[in-house]
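Peer 1: Sequence and predicted structure below; questions after.
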Amino acid sequence: RQRPGTAKGFVFLTMEDEGGTVQAIIKPNLYRQYRQLIVTSPWLLIEGPLQIQDGTISVKARSFERLQGKAFIKSHDFY
């Protein structure tokens, strides 16, 4: 999670899987509402409109849901 002082309270959450990275953009009021869920969940489903700009993929977060699953799995090294 990143919360730069210059971002006016917006939170940027970078997620990664074997397909690449995506950044969730979270409005300040939404972060306050879902803070506990965002901070404590090892797996999150984030819904919102997809945005692709200059090769960067982002989701403008609208809702969050905790997903069940093992939090600690062995890393996969892709060569």
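Peer 2: Nice, I can see it. Residues are numbered from 1 along each chain as shown.
Peer 1: For the chain, just list every one of the helices.
Peer 2: Assigned by DSSP state H, the chain shows helices spanning 28-40.
Peer 1: Now do stretch 34-46: everything it contacts.
Peer 2: The contact list for stretch 34-46 (Cβ atoms under 8 Å, 6 or more residues apart in numbering) reads 1, 11, 13, 15, 24, 26, 31, 59, 61, 63-69, 71. Heads up, the C-betas are built off the backbone N, CA and C, glycines and all.
Peer 1: Type out the PyMOL command that picks the buried ones from those residues.
Peer 2: Here is the PyMOL command that picks out the buried ones among those, judged by 16 or more other Cβ atoms under 10 Å:
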select buried, resi 11+13+24+26+31+59+61+64
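Peer 1: Now do the lowest-mean-pLDDT helix or strand in the chain against helix 28-40, angle only.
Peer 2: When the helices and strands of the chain are scored by mean pLDDT, DSSP states H and E, strand 11-17 comes last with a mean of 83. Calculated by axes from the mean of the first three to the mean of the last three Cα atoms, to 10 degrees, strand 11-17 forms an angle of 40 degrees with helix 28-40.
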